[in-house]
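Visitor: show me the folded form of this:
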Amino acid sequence: MPDRRSPPPLTATEMAHRQREISISEFFLKNRHLLGFDTPAKALVTAVREAVDNALDACKEAGILPEITVEVSDRYGKSKVIVEDNGPGIVEDQIARIFGKLLYGSKFHKLSQSRGQQGMGISAAGMYGQLTMGKPLHIVSRVKGDKLASEMYVSIDTGKNRPDIHKKKQLRWDRPHGTRVAMEMEGHHQTGPHSVETYLKQTAIANPHLAITYQNPKGEVIRFNRSTNTLPKRPFEIKPHPYGIELGRLIQMLNNTNSRTLLGFLVDEFSCVGKKTALSIIALARKHSDRELSERSHPKHIAHAQATALHKAIQTTRVLAPRTDCIVPIGEDQLLTGLRKELAADFFTVVTRPPAAYRGNPFQVEIALAYARPGGGDVEVDAGGHMRKRATRDEPASEHLIAQKDEPVRLLRFANRVPLLYQQAGCAIAKAVIQTNWRGYGLHQPKGSLPIAPMAILVHVASVWVPYTSESKEAIEPYPEILKEIKLGLQQCARGLAQYLRRETHLHEEYDRRVYIEKYLPQIGIALQEILTLSDEERDLTIKKLDDTLHRSRTKRGAPHDAERFEDQP
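Guide: As a prediction, this is how the structure comes out:
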């Protein structure tokens, strides 16, 4: 039998020889769950999301109305994803770095709203395909004005976190500009709330200017048409706000600045800091510093104790709130258009909260409610005051992203227009919805749970830097400032919903009374005919007048409410 004794202890020299640098690609290769590639089904959705997000960001930067084609095939656990867009294309020198290197991108150091943040999404998808199928990414891209497109097969050298180009050539492509990415991976296509279809449908809601053509593994083609030809405004880039700077970051900025005076540093390196505010910060820092600080102090010569005093002064000086032109919300009209295009419901309400900030980062919250699937037997009233029941149709709730009446509401969570499909329980959005008292607005809500109603709740958080709970960008950290804004928006929407539910209750009660009265109108007509000796024609005319009077009286009483009700209908 083999010797099972433990190996001998190592010496310090032997331990030193074992130490080596870990590549970022090697780390995430062993911890792929951190990037959202922990199961084949989730990996497929994540790969599609990363490719679509890249395409949307590129089209936004270039001012192009996005037209995206997504094709997914799935056979025996082996999936292939092809995403093609009409974006500006990628210059040949950058293709390998973008798709073959983690933490490489243009958005990490830029403070403006964007879908991507870390520069590792699409390259991580390629790395997952490389790990599970051993095949590189296949990229075709053409820049407008170039006669030929660039074709490249790229994988990642995980030991050195650098691209490995397998094949490269120029070819003819029928697109004038755009990019096509094909990747093979271990994947599993599924339906339901965590599917590619759900992700694309929610993306179409949050981006009404987007047109998507999707072909699923069955060969079925689904088209998500755009509802507007107006592109969202491009956000402006801002400098860091002083309230969001930690001491270590401040020391680093002092050492790296090109400004030659402390006054110039504060004005040039931060947003919302003018000369007057900068002088106030310096004067306050001088009181807490052992060494003299002045507006002419050289930033690179400031000692640690002086930097600490400066940081304390920044936090206690009143500075204007961050600028908000760096974030672009969807907008109430556009959000309502997107909801009505993709969801079938009776009542919609949308609220956009004023901009706020957390740790110096500006953000804005948008809330929307879509209540009641059509075909539930609800009462409707026409312009003449006549009431009737809608025909009941059985439509799967999952197709409309709205729950059944005995199910918890569906949450549609978005961050910078990107749907968040996983880790709902740990997300600030879910926590804010659960902490809201929905019972006060007429809904049933078990303790510590989502309310029970045929409703979808959409929450969109737009920010220059979304505080995700992990690198996979699936949930938002529940900062108090973000929770507060979401709850205030939910309460505002819930008040409109409560008014709608009260009107519905009154309408149903009136409909029941009217049905009861109409049931006896023929008997009333017969009794009047006998008492007043009316002919059959006079009897029928009398019944018709009574019925018309009933409808006219209802129209006069309820006209304003009916007008509001019809505005809520799609």
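
Visitor: secondary structure element for Trp465?
Guide: Assessed by DSSP states H and E, Trp465 sits outside every helix and strand.

Visitor: please enumerate the helices of the stretch 301-450 of the chain.
Guide: Assigned by DSSP state H, counting those that start in this stretch, the stretch 301-450 of the chain shows helices spanning 304-316, 332-342, 397-400, 428-435.

Visitor: right, so of those, which gets closest to Thr277?
Guide: Closest of those to Thr277 is helix 304-316, at 9.7 Å (criterion: CB to CB). For glycine as for every other residue, the C-beta is placed from the backbone atoms N, C-alpha and C.

Visitor: for the helices of the stretch 301-450 of the chain, which one ends up most surrounded?
Guide: Most buried of the helices of the stretch 301-450 of the chain by mean neighbour count (mean count of other CB atoms under 10 Å) is helix 428-435; its value is a mean of 22.

Visitor: each with direction, which strands does whatever helix or strand comes next after it pair with?
Guide: Counting by DSSP H and E, the element after helix 428-435 in chain order, helix or strand, is strand 455-463. Using DSSP bridges, strand 455-463 pairs in its sheet with strand 361-371 (antiparallel), strand 410-415 (parallel).

Visitor: could you dump those to a markdown table with mean neighbour count and mean pLDDT?
Guide: Shown next, in a markdown table, are those (neighbours: other CB atoms under 10 Å; pLDDT from 0 to 100):
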| stretch | mean neighbour count | mean pLDDT |
| --- | --- | --- |
| strand 361-371 | 25 | 91 |
| strand 410-415 | 24 | 92 |
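
Visitor: just the element for Leu284, please.
Guide: According to DSSP H and E, Leu284 maps onto helix 275-287.

Visitor: packing partners of that helix?
Guide: helix 262-269, helix 304-316 (3 or more CB pairs under 8 Å, 6 or more residues apart in numbering; DSSP states H and E).

Visitor: which intervals of the stretch 451-570 of the chain have sub-threshold pLDDT?
Guide: For the stretch 451-570 of the chain, the stretches flagged by pLDDT under 70 are 508-509, 511-512, 516, 518, 520, 549-570.

Visitor: show me the helices in it, by range?
Guide: Under the criterion DSSP H, counting those that start in this stretch, the stretch 451-570 of the chain contains helices at 480-532, 536-568.

Visitor: between the strands paired with strand 455-463, which gets nearest to Arg439?
Guide: Of all the strands paired with strand 455-463, strand 361-371 comes closest under CB to CB, at 15.9 Å.

Visitor: restricting to C-alpha, output the closest one in CSV.
Guide: The C-alpha trace of strand 361-371 is given here as CSV (Å, rounded to 0.1, in the frame of the first residue of the first chain):
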residue,chain,number,x,y,z
ASN,A,361,-21.9,59.5,-7.9
PRO,A,362,-25.0,60.9,-9.5
PHE,A,363,-27.9,58.5,-10.2
GLN,A,364,-31.6,58.6,-11.1
VAL,A,365,-34.4,56.2,-10.5
GLU,A,366,-37.4,55.4,-12.8
ILE,A,367,-40.4,53.3,-11.7
ALA,A,368,-43.2,51.9,-13.8
LEU,A,369,-46.2,49.7,-12.9
ALA,A,370,-48.2,47.6,-15.3
TYR,A,371,-51.3,46.0,-13.7
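
Visitor: beta partners of Val365?
Guide: In this structure, Val365 bridges to Val461 when assessed by DSSP bridges.

Visitor: report the contact partners of it.
Guide: Contact analysis of Val365 by CB atoms under 8 Å, 6 or more residues apart in numbering lists 352-353, 356, 459-462, 482, 485-486, 489.

Visitor: what's the distance between stretch 497-508 and the middle of its chain?
Guide: What separates the centre of stretch 497-508 from the centre of its chain is 30 Å, taken as CA atoms, centre = their mean, to the nearest Å.

Visitor: can you list the buried residues in stretch 343-360?
Guide: Applying a neighbour-count criterion of 16 or more other CB atoms under 10 Å, the buried positions in stretch 343-360 are 343-353, 355-358, 360.

Visitor: distance to Asp406 and mean pLDDT added to the helices and strands packed on helix 275-287, as CSV?
Guide: What follows is the helices and strands packed on helix 275-287, written out as CSV (distance: least, CB to CB, whole Å; pLDDT from 0 to 100):
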stretch, distance to Asp406, mean pLDDT
helix 262-269, 56, 90
helix 304-316, 50, 89
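
Visitor: can I get those helices in CSV with distance to Leu200?
Guide: As requested, these are exported to CSV (distance: least, CB to CB, whole Å):
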stretch, distance to Leu200
helix 262-269, 41
helix 304-316, 44
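
Visitor: who wins for proximity to Ile330 among those?
Guide: helix 262-269 (31.5 Å).

Visitor: what helices or strands is that closest one leaning on?
Guide: By 3+ CB pairs under 8 Å, 6+ apart, helix 262-269 packs against helix 247-256, helix 275-287.

Visitor: what residues does the residue nearest to Ser280 when sequence neighbours are not counted make contact with?
Guide: Among residues not flanking Ser280 along the chain, Thr317 sits closest, at 5.4 Å (CB to CB, 6 or more residues apart in numbering). By CB under 8 Å, 6+ apart, the contact set of Thr317 is 277, 280-281, 284.

Visitor: just Trp173 next, same as before
Guide: Trp173 neighbours (CB under 8 Å, 6+ apart): 140, 142, 148-149.

Visitor: one more: Met127?
Guide: Contacts for Met127 (CB under 8 Å, 6+ apart) come out as 25, 28-29, 32, 102, 156, 158.

Visitor: ok, 10 Å please
Guide: Residues in contact with Met127 (CB atoms under 10 Å, 6 or more residues apart in numbering) are 25, 28-29, 32, 35, 37, 99-102, 120, 137, 155-156, 158, 161, 185.
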